[in-house]
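K.L.:
Next comes the sequence, and after it the predicted model I'd like to discuss.
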Amino acid sequence: MIKKKIKKNQILDFLEQNPNFFIENQDILSKINFPLVQRKNNESHKVISFKDWIIFNLKKVQRKIIENAKYNFVTQTKVHRIVLEIIKKKNFSKLITLLIKELPKTFELEIVSIVTSDLKISEKFNLIYKTKESIDKIYGDKNRLVMDAVENETNIFETKNKIYSNAIFSLDKEIFKSESLLVYGSKDKHFIDNSAYDLIYFLSKVLQEKLIQLSNEK
């Protein structure tokens, strides 16, 4: 049988398409030849070898994966607990109280609230009031979730403590009969790298459904 020789470019393409290959197959490192450390003029300063550099970076990536897994697990546990509390709420006012008071403490955020253009509703439930025009610039499509650094142009948050990053979920118009936003604000980079995006989206959807269910009691 004639064995087909694998070209260098094919190997490079494979490694680029599978960046976790060495993490998942670390034993292969012992079978690979690496370039030796070259020292000029017998200098005694320490230079890290290419193999050590690869192993160091693999460990760093692996630690990051473990840290993310722990973060997602802790966040998932918190989300499930809060969802159970949401389901128990029987009136609109108590649900809003849970949203603006308990969620920030549970998820270590500076603020969780709803942005509405209904001035009476915002005053009654201590929500954030913005004009319809301001909300329309952010709203986009229903059920859209955006996680990013705060844009000063939107001017959603008017708290004494600076909000650095936020998650914004576009709520169903049925709740307030107009566009409204469910917003999460953090003083750190909490929402910059999209960590736990699916969990925040799930929580937002659960809140939305409960808000719709109780919206006639406003």
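P.N.:
Arrived safely. Residues are numbered from 1 along each chain as shown.

K.L.:
What is the subsequent helix or strand relative to the lowest-mean-pLDDT helix or strand in the chain?
P.N.:
When the helices and strands of the chain are compared on mean pLDDT, DSSP states H and E, helix 21-24 comes out lowest with a mean of 74. For helix 21-24, the following helix or strand on the C-terminal side (DSSP states H and E) is helix 50-88.

K.L.:
Measure how buried I212 is and give me the count.
P.N.:
When neighbours are counted by other C-beta atoms under 10 Å, I212 registers 13. From N, CA and C alone the C-beta is placed, and that goes for glycine too.

K.L.:
isn't it right next to K173, touching?
P.N.:
No: assessed by C-beta atoms under 8 Å, I212 is found out of contact with K173, at 10.2 Å.

K.L.:
For the least confident helix or strand of the chain, which residues meet the burial criterion?
P.N.:
F22 (16 or more other C-beta atoms under 10 Å).

K.L.:
Show me what it is packed against.
P.N.:
In terms of contacts (3 or more C-beta pairs under 8 Å, 6 or more residues apart in numbering; DSSP states H and E), helix 21-24 is packed against helix 50-88.

K.L.:
Quick check: P19 is in a helix.
P.N.:
No: using DSSP: H, G, I helix; E, B strand; the rest coil, the assignment for P19 is coil, not a helix.

K.L.:
got a pLDDT number for it?
P.N.:
Note on P19: pLDDT of 76.

K.L.:
In three-state terms, label V112 for me.
P.N.:
strand.

K.L.:
mind showing which ranges of the protein have poor pLDDT?
P.N.:
1-5, 29-30, 32-51, 153, 159-161, 218 (pLDDT under 70).

K.L.:
Please parse it into its domains.
P.N.:
Domain assignment of the chain by automatic domain parsing yields the ranges 15-88, 90-217.

K.L.:
Counting by contacts, list what the host helix or strand of K210 packs against.
P.N.:
Using DSSP H and E, K210 maps to helix 197-214. Identification of packing neighbours for helix 197-214 by 3+ C-beta pairs under 8 Å, 6+ apart yields helix 50-88, helix 92-97, strand 145-149, strand 165-171, strand 180-186.

K.L.:
how about a cut-off of 6 Å?
P.N.:
Counting contacts by 3 or more C-beta pairs under 6 Å, 6 or more residues apart in numbering; DSSP states H and E, helix 197-214 is packed against helix 50-88, helix 92-97, strand 165-171.

K.L.:
Show me the contact partners of stretch 87-101.
P.N.:
By C-beta atoms under 6 Å, 6 or more residues apart in numbering, the residues outside stretch 87-101 that reach it are V112, S113, F125, K210, L214, E217, K218.

K.L.:
Good, wrapping up.
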